[in-house]
Every structure is written in structure tokens, then in C-alpha cells.
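# Would you be able to build a 3D model of this:
(one chain, ligands or ions: 2)
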Amino acid sequence: MASSINFRSVRPVLDSAAPHVFIETYGCQMNVNDSEVVLSILQGAGFTLCSQPEDATLVLINTCAIRDNAEQRILGRLDFYRLLKKKNPRLIVGVLGCMAERLKDSLLEHPAVDLVAGPDAYRDLPRLIGILGSSGSKQINTLLSHEETYADISPVRMDPGGVSAFISIMRGCNNVCSYCVVPYTRGAERSRDPESILREVGEVFDAGYREVTLLGQNVDSYRYGDTGFAQLLARVAQVSPQLRVRFSTSHPKDMKDEVLLTMASYPNICRHIHLPVQSGSNAILEKMGRRHTREWYLERVARIREVMPDCAITTDVIAGFCSETEDDFEDTLDLMRTVRFDAAFMFQYSERPGTKAARHFPDDVPPQAKTERLEKIIALQSEMSLESNRRDLGRCFEVLIEGHSKKSDADLMGRTSQNKACVFPAAGHAIGEYVTVRVLSCTAATLLCEIVD
Ligand code: 5AD
Ligand code: SF4
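Ligands and ions are numbered 1, 2, ... in the order given. Okay, the predicted model is just below:
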């Protein structure tokens, strides 16, 4: 495992005295936030963030392992870094996150990789980098922890002057979804001290952010002493009425009325629940280990709509899980039609080594059938997203302006409380402001609007 890299000898070739780190992030919002924690730790160790890998002393790739195609993409990226290291042999490349945790030592065999650190090992990065620099030997730490929440670390945002910040309220996952690699890559569930969460929320609000998204694999099971998720939400919402509060992800088996009632009593808690269903078939839900039925899910949806008729509901769906028949798949389409989700993330089942499904159930839906089923659910969802957006035509919404529209700098983009993207002419307004817009027309993905005040 010896490598010729000497970290100390890299310093003199840089323009500035500080070593430079480039961080590349894949996967979920939690990973984005973890990269901000990593940046905070590395800044403490004297690193400066740079925006091009070519300028870096150290490149860190924060990875995702959720599906095989996520991993393949990252392996392709490592080939790019293998070539970059030919031009700059002193470059250090580290792999962080879920793929690091899953593949462990075997990743060190890749010629581009000098360092491997799992999601609970980020405090150890300066030490690992130091040893790598002085000894030249590749380094790894993939220990998972039962306590680590990085509670005392203030993440350094990659978008200073931004509007929306992710805040992790818990780590790990205790669910037993049979398809999912996350409990293995992120370890056991643990909740973060609410005082440290509130401190961070206060800090980002004072820094000008106007929206926080509270992150956890299963926010409904947040618990720290007497504080459950509903109490935490209420305390965060009280930081300022000018601060929007979002959260993700909810689990249908754990989503409590108390949370819905708390949402309803604070207008600044956004009217949006991401409630992954995965499948509409009870036989498949059972096999997936979801611990809820189709009927339970539909009851939770009905309750959300009873408490907050204007609440958007979005979901995740997997097509082609082990043994899924055409009838099971029809049940999924039928559930989607019944609920009329505002948006959905849709995936083909990808077997993950080591999971319960990989050990016990054959991945027996042919690739062609998986592809066709995925195409069908995507087509159905885009009809329903369009229908959902059409219902908003002529209505007015308060939006928080997040940036410029992708297509034109003269237009701004902001989101409704329901998390729908609105595009409208700037008319002298700026990022970070709240404005009220009227919906004039729409696509399945965007509401095209005008400002009304
Ligand atoms: N194959 C396909 N999709 C998966 N997801 C999680 N594991 C897998 C897998 N093995 C999806 C689920 C989850 C989302 C984050 O990713 O829908 O809710
Ligand atoms: Fe996030 Fe799951 Fe991907 Fe890990 S495997 S980065 S937890 S989506």
C-alpha cells in the first residue's frame, strides 16, 4: 500500500501558503451537509477551499452507494483523477462517504486513491492526511460510531451568501428496508442534541439564510431526551417567522399526527412532506421490510390532507424489486393515481451486496422489464406533476427567491412553500427576499409566474 506522496513537500509548489482542498459531492442532501462538515474540519487544519481540482493539493470525493449506477459514476471519476495525478503526482485523492464505508480497503487498491474515510471518521481526516504526508502510506478509517453527530462542528457552507442551508439532526438509520445499503454505510441511528441544532439554525439565520432543511434518514424517529421531532420542529420554527423550515425524510410507518399538527400551527414550516412509498403492493412492501401496508400509507396521506389541505406530498418509488409481478407493478401505478403525488423520484431496483434482499431474494425481474416499468411510472408521474401544476394556474404564492433562473439572468427562481419551482421576471427583487407571485402558466417541472407585490 506504499505511496510516494509526501504531503509536506506539496506545500511549496502552491501560490498561497495554505494547502488547497477541492471537494466533490455525490448522493443525497445529507452528503452535501457532510461535505460542509468536512470543509469545516479541514479549514481548522489550515486548508483553503478551491473551485478546480487542478488547483488542489487534496481532492476529496464524497460518495454515494445507494445504487450501482451511483458507484459506477464515481469509479469513472476516479479514472479522471488517475490521469490528473499523472500530471500532478503530488495530488492526494481521498474517497469519503457511503462508498468508502461499503468498499473499505478494496478502494485503496485503485491507483488514484490515497485515503479512504467513512461517514463517522471525518474528525480523523487531519491526522490521516498528516500521516499520509509524512509516511507516504495510504490511510483508511471506516469505523462507524454510535455517538458521532458532529454536533459541535459548524459546517462551512459552500455557497456563502446562500439562502437555503441543510442541517443534519440525526445520523444513521435503524430501519430494515431489505433493499437498502444505508444502515450498513451510515451505521446505527443517533439523534443530535437539540441545543446544538438550534445554535446552528440561529447562526445560519444571522448569516442571512432564510431556509433550513432538517435532515435525517427518518426524521420522525428523532429523539433526544424529552425532545421528539414535533418539539424540535416547533423550536426551530420559533427562531424567526422569516425563516422557512423544511425537513426530509419522513417514514410512513413513523409519521405522527403530532408532527402534522405542529406543521399546521407554524406557517413558516413548509407545506411539503417527502413520504417515500417505494411500492403500492402489500406483498412487495412486506418483502421490502417497510413495516407498513398500502392501506396504512393511504391513511397517512388522507390525514396529511385533512390537517393541511394545501400540503404537497412527494415520494420515492422503486420499479422491479425482487419478485415484483405485473400485478404488483399495477398496484404501484394505481397507488400513484390514487395519491396524485406532486413529484416523485423513481428508480430501478439495484441489488446492493450485503443487504437482506441480496442475501435472501433473487434479483429476478429482467432488466428489460425494470426499464419498461420505470418508463411507465416516469410517464405517469410527469402527467400528474403537470396536473398538479395546472391546479395552481391563477393562484398566488409567497416564494423565497433562491437564485436566477437557469435560462435567463433577467428571471429569478424561487420556491413555494410546497417546494414548487417558480420562475418570474426579476423586477428589481433580489435573492433572499420573499415575494408573492401569481402563476400564469406551467410545465410539469416549473410554474411560470409574475410578481404581484
Ligand atoms: N435500488 C433502487 N433504489 C433504491 N433506493 C434505496 N435503495 C435502493 C436500491 N437498492 C431508493 C429508495 C429511497 C431512495 C433514497 O433511493 O427509493 O427512498
Ligand atoms: Fe445518501 Fe444513501 Fe447515497 Fe449514502 S447511500 S450518500 S445515505 S443516498
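# Pro119 should be in a strand, yeah?
No - counting by DSSP: H, G, I helix; E, B strand; the rest coil, Pro119 falls outside a strand, being coil.
# Next up, the contacts around it.
Pro119 is in contact with Asp34, Leu96, Gly97, Cys98, Ala100, Glu101, Leu144, Arg171, Thr185, Arg186, Gly187, counting by C-beta atoms under 8 Å, 6 or more residues apart in numbering. Any C-beta I mention is one placed from the backbone N, CA and C, and that applies to glycine too.
# Just the local confidence number for it, please.
Pro119 carries a pLDDT value of 98.
# now it: how far from ligand 1?
Per C-beta to the nearest ligand atom, to the nearest Å, Pro119 is found 15 Å from ligand 1.
# and the top helix by length along the chain with ligand 1, contact?
Determined from DSSP state H, the single longest helix within the chain is helix 367-390. No - interface with ligand 1: helix 367-390 contributes nothing (C-beta under 6 Å from any ligand atom), its closest point being 9.7 Å away.
# Ramachandran angles for the closest residue to Leu198 other than its chain neighbours?
Using C-beta to C-beta, 6 or more residues apart in numbering and skipping the chain neighbours, the partner closest in space to Leu198 is Arg235 (6.0 Å). Backbone torsions of Arg235, given as degrees, to the nearest 10, read phi -70, psi -40.
# Okay, and the closest residue to ligand 1 within the stretch 251-400 of the chain sits in which element?
Ligand 1 sits closest to Asp316 of the stretch 251-400 of the chain, with a gap of 3.3 Å, by C-beta to the nearest ligand atom. Using DSSP states H and E, Asp316 maps to strand 312-319.
# Ser388 is in contact with Thr443, correct?
No - taking contacts as C-beta atoms under 8 Å, Thr443 lies outside contact range of Ser388: 11.7 Å.
# ok, and which of the contacts of Pro119 reach ligand 2?
Residues of the contacts of Pro119 in contact with ligand 2 (C-beta under 6 Å from any ligand atom): Gly97, Cys98, Thr185, Arg186.
# Tabulate these in CSV, adding columns for pLDDT and neighbour count.
Supplementary listing: those in CSV, determined by pLDDT from 0 to 100; neighbours: other C-beta atoms under 10 Å:
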residue, pLDDT, neighbour count
Gly97, 98, 30
Cys98, 98, 27
Thr185, 98, 26
Arg186, 98, 22
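# CSV for the residues you listed, including secondary structure and distance to His274?
Conversion of the ones next to ligand 2 among the contacts of Pro119 to CSV gives the following (DSSP: H, G, I helix; E, B strand; the rest coil; distance: C-beta to C-beta, whole Å):
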residue, secondary structure, distance to His274
Gly97, helix, 21
Cys98, helix, 19
Thr185, helix, 20
Arg186, helix, 18
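# Which of the residues you listed lies at the shortest distance from Asn69?
Asn69 lies nearest to Cys98 out of the ones next to ligand 2 among the contacts of Pro119, by C-beta to C-beta, at 13.9 Å.
# Now do the contacts for that closest one.
Cys98 is in contact with Gly27, Asn31, Thr63, Cys64, Ala65, Ile66, Pro119, Val181, Val182, Thr185, Arg186, counting by C-beta under 8 Å, 6+ apart.
# so what's the first one closest to, chain neighbours aside?
Going back to what we said before, that points to Gly27. Nearest to Gly27 is Cys64, by C-beta to C-beta, 6+ apart, at 2.8 Å.
# returning to that earlier point: which ones among the contacts of Cys98 map onto helices?
Those of those lying in helices (DSSP H): Asn31, Val182, Thr185, Arg186.
# does any part of stretch 296-313 sit near ligand 1?
No - with C-beta under 6 Å from any ligand atom as the criterion, ligand 1 is not reached by stretch 296-313; the gap is at least 13.4 Å.
# hmm, back to that, identify each buried residue in the longest helix of the chain, please.
Within helix 367-390, the residues that qualify as buried are Ala369, Lys370, Arg373, Leu374, Lys376, Ile377, Leu380, Gln381, Met384, Ser385, Ser388, Asn389, counting by 16 or more other C-beta atoms under 10 Å.
# pLDDT at the last one, what is it?
Yep, that's Asn389 we're talking about. With respect to pLDDT, Asn389 scores 98.
# Surely it touches Leu448?
No - the pair Asn389 / Leu448 is not scored as a contact, 9.6 Å apart, by C-beta under 8 Å.
# Helices of the stretch 151-300 of the chain, start to end?
Using DSSP state H, counting those that start in this stretch, the helices of the stretch 151-300 of the chain run over residues 182-186, 194-206, 229-237, 257-265, 282-288, 294-307.
# Determine how far the fourth one lies from the middle of the whole chain.
Meaning helix 257-265. 23 Å (C-alpha atoms, centre = their mean, to the nearest Å).
# and it, C-alpha only, in CSV?
C-alpha atoms of helix 257-265 as CSV (Å, rounded to 0.1, in the frame of the first residue of the first chain):
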residue,chain,number,x,y,z
ASP,A,257,-50.2,13.3,13.8
GLU,A,258,-48.3,15.4,16.3
VAL,A,259,-45.8,16.4,13.6
LEU,A,260,-48.7,17.3,11.2
LEU,A,261,-50.4,19.4,13.9
THR,A,262,-47.1,21.2,14.6
MET,A,263,-46.7,21.9,10.9
ALA,A,264,-50.2,23.3,10.7
SER,A,265,-49.6,25.7,13.6
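# That helix vs helix 294-307, what angle?
Note on geometry: by axes from the mean of the first three to the mean of the last three C-alpha atoms, to 10 degrees, helix 257-265 and helix 294-307 are set 30 degrees apart in direction.
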